[in-house]
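J.: one predicted model, sequence on top.
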Amino acid sequence: MILGLASGRFPVRIEEDPLLSDRARARLSSLVAQVGHRLPMKTAASSEMNLLFFLLNTGADLVHWVIPETDETGRAVAPTPWVQRYLHRWEREEDAKPKRDRLARGPAEQARFLYELDPANGSFLPPGLAACLYPQLTVACPGAIRYDYLLAGRRSRLADPDWLGIIPEASFPSPSLPRVIRVTELEKLSRCPFQFYFRVLAGLEGISPMEFSEDLDATEWGSLLHSLFDQILKSYDQSGCSVRQIAADILWEDGRKLSEAIQAFATDDSLAVCLRPPLLADLIRTRLFKTVRAYWEEVLSGAIPDGMNVRTESRNEAEFPTLPGLWVSGQLDRLDERRGELVVLDYKSGREPEHLNEEIRLGFRLQPILYPWLLLRNEPSFEEAGFSYVFLGGNGRPKEVAVPGTGNAEQWLVLLSAILKRGAYLPASNEALEQLGVEKANACQYCECASLCRRFERGFRSRVSSLLSEHLGDRVKSLRGEFGDSNAQ
């Protein structure tokens, strides 16, 4: 069975380092060829032909080619060039056509497909999966492996139609579950309860291959920007300067102070920078300088409002309504005072989303709703607080986006508490929501839980939409705009 026959991915290729000498490149090519890999050379197509020829002529009598339809992000991929040639030839020659089947994306349907290849012995199935789906095959499994837990799980799933995300053992409150939930985790719960369960409660993360990158990933870059802004503003704590005065001081002499701050910060405080080769570290510092300078230039020009910085990187907590003993926690990036009003600022390293207001209305972005609420619960001397996103990325200039009228925070928390109390961690796939009349919510984003929630299986849409209506009817109504009008404002 030959897997992954997608263009650009087969044979597995190792990227060359452009700084390698010709001698080193020739030596490396020789070594990787010995372990079956290929460097991206001009002979890539012929390398594929050679590898396929070798595999086909040294394989079993029956060869199965698996050609993926999409990559791990859901994007369509094409078969490799030589596989396309075979397919075109088989289309023309009636007698040479192989048996072609579409392999389902869901793991259970994939297992049934593999089982049907050899129903007598189940030789194409992994032993554990064979025991789970087809207990009659366990007698053929070698070794003294116990399959009791698999068989018990199978019986439980067949007996209980609510098994897909209904987890009573993970219902709140419970001493075995977390006592503090962060606002960013509640955003996962609001978008897809199933993803919240696996990432937050079960603590599972997708496995991705480690690779070296000359640039920082989005999480590292965002963390670096947050830390740098925090350090800069704290250095002016006792100065009495307004934010605009800070900008003027930082940008003085073509940003000399900013350059010095970045040099010291990136050297002493960031392993992500200092562990990289000097040339790449300098590139990251240059990118930092340009991004942060552009923000302070917008402040100095008046495009971003002035004010007095109150504090940075502060954590606020408040008890969860209707769930005693459970606390909501939020890390506020920055708090400014503007004309007697508190404004919570949240940095985003990317650009402004196209449908930001819609995401807030649907409850997929809860920071604008819950951060001011948390602040006022901890700062009773203030009657109200605003919220603004600061978007630092994209092709344009940094910009601040104020989010007015964010609705009733406690009403949102009561709505979400129903999920936690029932342990109803159901997958909110786009297809199931569309069947319930929720158009273009885009709750599901092709995460690594896709195979666990089994969204690609036949009948998934109807089964999950029925469960959502039965167990999370109020949440579905809120997505349709029929429940809690204040949420949708």
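T.: Yep, that arrived. Numbering: from 1, shown residues only.

J.: and the helices in the stretch 201-350 of the chain?
T.: 218-234, 243-268, 271-274, 278-301 (DSSP state H, counting those that start in this stretch).

J.: could you do the stretch 351-489 of the chain as well?
T.: Assigned by DSSP H, counting those that start in this stretch, the helices in the stretch 351-489 of the chain fall at 356-362, 367-378, 409-422, 430-435, 450-453, 460-471, 473-480, 485-488.

J.: winner for burial among the ones you listed?
T.: helix 367-378 (a mean of 22; mean count of other CB atoms under 10 Å). Every C-beta, even on glycine, is put in place using the N, C-alpha and C of the backbone.

J.: in TSV, list the helices of the stretch 201-350 of the chain along with distance to residue 167 and mean neighbour count.
T.: Output for the helices of the stretch 201-350 of the chain, formatted as TSV (distance: least, CB to CB, whole Å; neighbours: other CB atoms under 10 Å):
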stretch	distance to residue 167	mean neighbour count
helix 218-234	28	17
helix 243-268	44	16
helix 271-274	36	15
helix 278-301	42	17
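
J.: rank those by pLDDT, which is bottom?
T.: With a mean of 69, helix 271-274 has the lowest mean pLDDT of the helices of the stretch 201-350 of the chain.

J.: re the thing from before, output the helices of the stretch 201-350 of the chain as TSV; include the columns distance to residue 330.
T.: Below are the helices of the stretch 201-350 of the chain laid out as TSV (distance: least, CB to CB, whole Å):
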stretch	distance to residue 330
helix 218-234	14
helix 243-268	22
helix 271-274	25
helix 278-301	22
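
J.: select, out of those, the one closest to residue 377.
T.: Residue 377 lies closest, by CB to CB, to one member of those: helix 218-234, at 23.0 Å.

J.: now do the closest one against helix 243-268, angle only.
T.: 120 degrees (axes from the mean of the first three to the mean of the last three CA atoms, to 10 degrees).

J.: helix 218-234 versus helix 278-301: what angle between them?
T.: Using the same axes, to 10 degrees: helix 218-234 against helix 278-301 is 50 degrees.

J.: hang on, the earlier thing: and the helices of the stretch 351-489 of the chain: which comes nearest residue 75?
T.: By CB to CB (comparing all of the helices of the stretch 351-489 of the chain), the closest turns out to be helix 450-453, at 13.5 Å.

J.: state the mean pLDDT of that closest one.
T.: pLDDT averaged over helix 450-453 gives 70.

J.: which parts of this protein are strands?
T.: Listed in chain order, the strands of the chain (DSSP state E) span 180-182, 308-319, 327-338, 341-348, 385-391, 399-402.

J.: and the fifth one, what does it pack onto?
T.: Just to be clear, that refers to strand 385-391. strand 341-348, helix 367-378, strand 399-402 (3 or more CB pairs under 8 Å, 6 or more residues apart in numbering; DSSP states H and E).

J.: which stretch among those comes nearest residue 294?
T.: strand 399-402 (10.2 Å).

J.: quick one: pLDDT of the residue nearest to residue 70 when sequence neighbours are not counted?
T.: Excluding the flanking residues, the one nearest residue 70 by CB to CB, 6 or more residues apart in numbering is residue 76, at 5.7 Å. At residue 76, the model reports a pLDDT of 70.
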